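Novice: Output the structure for:
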Amino acid sequence: MNKNRLLFFVMLLTTLLISSCDENDNPAGEGDKTPEEATSLLILNEGSMGMNDATLTQYNLQEEAITKNYFRNKNKRGLGDVANDMVQYGSKIYIAVNKSGTVEVIGAASGISIQQIKMETASGASKEPRRIATHGGKVYVTSFDDTVTRIDTVSLTVDGSVEVGMDPEGIAIKNNKIYVANSGGLNWENGYDNTLSVIDLSSFTEEKKIVVGTNPGAVQTDSQGDIYLSVTGNYGDEPGAFKIIRSGSNTAETVEGITSPQKFVISDNKAYIITGSYGVPNSIVVYDCLEERVITNSFISDGTEIPIMNNVTVDPVSGDLFVASTDYVHPGDLYCFDKDGKMKFRLTAIGINPSVVVWQ
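Specialist: Sure, this is the predicted structure:
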């Protein structure tokens, strides 16, 4: 074999190997750290609307050191205006930046920006991306232009879009279906939406809408394929409720004993639900999805009070619970509780409206 042909085959093999690695950029992708292996936390701070002050904070677990402007330090620019959600998928982290109309993609290990994906309507306005879910090498993003956008994780380009209900918020994927909560939050003067869109994952088309209650927000699923939603109501004569749609059903049932639910997360078939209304300190209800019962109405067991909880994240390995707090004006705090509800540490004044936590 001559040198030119040998060089050609070497280049071809290299290309195939690189392509193979990229196509396997999955939640359990190579190089991805589990919470058990992580040395740092990354905390998304949403920022204030119109202030262009969304940030990332890094907390080194071993050195107990905080870097409050992690994204700017790494990329020499700001993250953007109102960052609503963040997920780690394979070797990358995806951040939905609402008013800026972008999905920021950074290296999970490095924090360096890989791509800033534009999320714009045909007229060039921001689609206002809100929440993110991932599956099968794709990233799915709800946006306030009443769509779900699909992003390919290899090319980092938009490769599909489907219309849903008004102002979609939460999104979850289970059993080849995408479930999207249509809040209608921007249309509150004329009436909220009250539906959950069900999208076929393979064809990426909306199959149906299920009526679930006024102003649905967060959506999660358990291992049985049951779908859970927090329905906020209209902040007046229609109260909020925690809902379940059992696997194979088209009916939303109210889960008794849980009032004023807000954001929540399901981990190991337990739902950790922020509850409480304006002026009343929030608490975290723990609900067993398999036994279908409330385990406790107050997860925090050591007397720690957090007036306004902005989000909750669970470490699936240790069971530690991270609670992000805010007053919507000043930099907020992140609390870490052990699985028994006792505080392990508190990070203070980390950024405006802290929210989601991922492991690095």
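
Novice: drop to CA atoms for contacts and neighbour counts, all remaining ones
Specialist: Fine.

Novice: Distance check, the nearest residue to Val97 once chain neighbours are set aside against Asn311.
Specialist: Of all residues not flanking Val97 in the chain, Ala83 sits nearest, at 4.0 Å (Cα to Cα, 6 or more residues apart in numbering). Per Cα to Cα, to the nearest Å, Ala83 is found 13 Å from Asn311.

Novice: if you count what's nearby, which of these two comes out ahead?
Specialist: Neighbour count, other Cα atoms under 10 Å: between Ala83 and Asn311, Ala83 has more, with 34 against 22.

Novice: which ones are touching that one?
Specialist: Residues counted as contacts of Ala83 (Cα atoms under 8 Å, 6 or more residues apart in numbering) are Leu44, Asn45, Glu46, Gly47, Ala54, Thr55, Ile95, Ala96, Val97, Asn98.

Novice: For Ile273, give the beta-bridge partners.
Specialist: Partner residues in beta bridges with Ile273, using DSSP bridges, are Phe264, Val285.

Novice: Is it correct that it is in contact with Pro261?
Specialist: Yes. Counting by Cα atoms under 8 Å, Ile273 touches Pro261, with 6.4 Å between them.

Novice: Check the gap between the residue nearest to the spatial centre of the chain and Glu206 for me.
Specialist: Closest to where the C-alpha atoms of the chain average out (Cα atoms, centre = their mean) is Asp85, at 4.7 Å. Applying Cα to Cα, the value for Asp85 to Glu206 is 23 Å.

Novice: Does the residue nearest to the centre of the chain touch Glu128 like I think?
Specialist: No. Using Cα under 8 Å, Asp85 is not in contact with Glu128; the gap is 11.7 Å.

Novice: what sits in contact with each of these two?
Specialist: Common contacts of Asp85 and Glu128, defined by Cα under 8 Å, 6+ apart, comprise Val97.

Novice: Sketch out the low-pLDDT regions of the stretch 151-300 of the chain for me.
Specialist: By pLDDT under 70, the stretch 151-300 of the chain contains no weakly predicted segment.

Novice: how does it look with 90?
Specialist: The model of the stretch 151-300 of the chain has pLDDT under 90 over residues 189, 235-237, 277-281.

Novice: can you pull out the strands in the stretch 51-200 of the chain?
Specialist: Per DSSP state E, counting those that start in this stretch, the stretch 51-200 of the chain carries strands over the ranges 55-60, 65-67, 83-89, 92-97, 102-107, 113-118, 129-135, 138-143, 147-152, 157-163, 168-174, 177-182, 195-200.

Novice: Tell me which of the ones you listed lies nearest to Asp340.
Specialist: With Cα to Cα, the closest approach to Asp340 among those belongs to strand 55-60: 22.5 Å.

Novice: Strand partners (parallel or antiparallel) of that closest one?
Specialist: Strand 55-60 has these strand partners (DSSP bridges): strand 40-45 (antiparallel), strand 65-67 (antiparallel).

Novice: Show me the contact partners of the shortest one.
Specialist: Residues from elsewhere that reach strand 65-67, judged by Cα under 8 Å, 6+ apart: Thr57, Gln58, Tyr59, Asn60.

Novice: all strands for the stretch 251-360 of the chain, in order.
Specialist: Using DSSP E, counting those that start in this stretch, strands in the stretch 251-360 of the chain cover 253-254, 261-267, 270-275, 283-288, 293-296, 309-314, 321-325, 331-337, 343-352, 354-359.

Novice: Redo those as a markdown table? Include distance to Ser155.
Specialist: As requested, the strands of the stretch 251-360 of the chain are exported to a markdown table (distance: least, Cα to Cα, whole Å):
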| stretch | distance to Ser155 |
| --- | --- |
| strand 253-254 | 41 |
| strand 261-267 | 30 |
| strand 270-275 | 35 |
| strand 283-288 | 40 |
| strand 293-296 | 44 |
| strand 309-314 | 29 |
| strand 321-325 | 33 |
| strand 331-337 | 34 |
| strand 343-352 | 32 |
| strand 354-359 | 23 |
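
Novice: now for the ones you listed, which one comes closest to Glu189?
Specialist: Glu189 lies closest, by Cα to Cα, to one member of the strands of the stretch 251-360 of the chain: strand 261-267, at 20.9 Å.

Novice: Now do the closest one against strand 309-314: the angle between them, please.
Specialist: On the basis of axes from the mean of the first three to the mean of the last three Cα atoms, to 10 degrees, strand 261-267 is oriented at 10 degrees to strand 309-314.

Novice: Just want the angle from strand 261-267 to strand 283-288.
Specialist: Using the same axes, to 10 degrees, strand 261-267 lies at 40 degrees relative to strand 283-288.

Novice: Number the residues from 2 up from this point.
Specialist: All right, first residue 2 from here; so that's strand 262-268.

Novice: elements contacting strand 262-268?
Specialist: Strand 262-268 sits against strand 217-222, strand 228-232, strand 271-276, strand 310-315, with contacts defined as 3 or more Cα pairs under 8 Å, 6 or more residues apart in numbering; DSSP states H and E.

Novice: would TSV of these with distance to Gly108 be doable?
Specialist: Formatted as TSV, these follow (distance: least, Cα to Cα, whole Å):
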stretch	distance to Gly108
strand 217-222	26
strand 228-232	31
strand 271-276	29
strand 310-315	21
